[in-house]
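*Asks:* need a structure here:
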Amino acid sequence: MADSVRGAFCPTCARLLYVVTRDDGATRWVQSGATLREDEAGRFVTCRGCRKRVGLRQSPALPGWGFEVDR
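*Replies:* The predicted structure follows:
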């Protein structure tokens, strides 16, 4: 189970931002939760708790989703 579910938390309020999952044997991750957005500063999600912009960076570790929180 630990290999098939991952989550990311807001660095400001610690609320869950999104979850990425994959089926057993699958290589691509599927995201649910906050909507991925992009502006002149890059890709980000908005925390549903504190409404802060949380920057994301490319991550080859999560094919299909491809991003992680940029702390």
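*Asks:* CA atoms for contacts and neighbours, from now on please.
*Replies:* Will do.
*Asks:* Report the distance from stretch 39-58 to the chain centre.
*Replies:* Distance of stretch 39-58 from the chain centroid (C-alpha atoms, centre = their mean, to the nearest Å) equals 10 Å.
*Asks:* Run through who's touching that stretch.
*Replies:* For stretch 39-58, the external contacting residues (C-alpha atoms under 8 Å, 6 or more residues apart in numbering) are 10-13, 15, 17, 34-38, 66-71.
*Asks:* same deal with stretch 4-18?
*Replies:* 19-24, 31-34, 45-50, 52, 54, 68-69, 71.
*Asks:* Kindly recompute the last result at 6 Å.
*Replies:* By C-alpha atoms under 6 Å, 6 or more residues apart in numbering, the residues outside stretch 4-18 that reach it are 19-22, 32-34, 47.
*Asks:* Looking at those, which is nearest residue 59?
*Replies:* Among those, residue 20 lies closest to residue 59 (C-alpha to C-alpha), at 12.6 Å.
*Asks:* what secondary structure does the closest one sit in?
*Replies:* strand (DSSP: H, G, I helix; E, B strand; the rest coil).
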